[in-house]
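Novice: give me coordinates for this.
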Amino acid sequence: MASTATSSTAVGSDSSRAQAEARAAVQASLESAVSIYDTKYQRRATDLHTNARAISKQEDELKKNTAALAKESVKWQKELDKATKGLNEFGDLQNWAEMMERDFLVLEETLRLAEGEEAVESASGGSRWR
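Specialist: Predicted structure coming up:
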């Protein structure tokens, strides 16, 4: 019986040693898998933070460029307003010149009628400069 007890203890000891080795192997395998995923996800997290900083810098640059563009748009709008005003003034000047020409034609016709002269037709509308 002593040999059975030692044999049973040896078998139990071998069995627990095998279980401990199996546990160690499973744990090492899990740690290896976790390590692979941990490294992979840490790299991704680092990339995400790096990209977030780069996007933040780009956003700041975009805000600066947008503000500069707005200033430039205001400047061009002022130039456009000046040009429009100039064209309107030129149109007013042209209108004034046409009104003066009509007044001179009326005055010329009035003088011709007052002097009793005959009307002379011309290609430009009857004006006779002396």
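Novice: what mean pLDDT does stretch 43-62 have?
Specialist: Across stretch 43-62, the average pLDDT comes to 96.
Novice: over to stretch 20-35?
Specialist: Stretch 20-35 comes out at a mean pLDDT of 85.
Novice: so which bits of that stretch are buried?
Specialist: For stretch 20-35, burial by neighbour count (16 or more other CB atoms under 10 Å) applies to no residue. Placement of C-beta: from N, CA and C, glycine included.
Novice: quick one, helices of the chain?
Specialist: 2-115 (DSSP state H).
Novice: Glu89 and Arg23, how far apart?
Specialist: Distance from Glu89 to Arg23, counting by CB to CB, to the nearest Å: 96 Å.
Novice: also Thr66?
Specialist: From Thr66 to Arg23 the distance is 62 Å (CB to CB).
Novice: again with Leu93
Specialist: 102 Å.
Novice: same question, Ala68
Specialist: 66 Å.
Novice: what of Lys63?
Specialist: Counting by CB to CB, the gap from Lys63 to Arg23 is 58 Å.
Novice: could you do Asp38 as well?
Specialist: Taken as CB to CB, the span from Asp38 to Arg23 is 21 Å.
Novice: all set, thanks.
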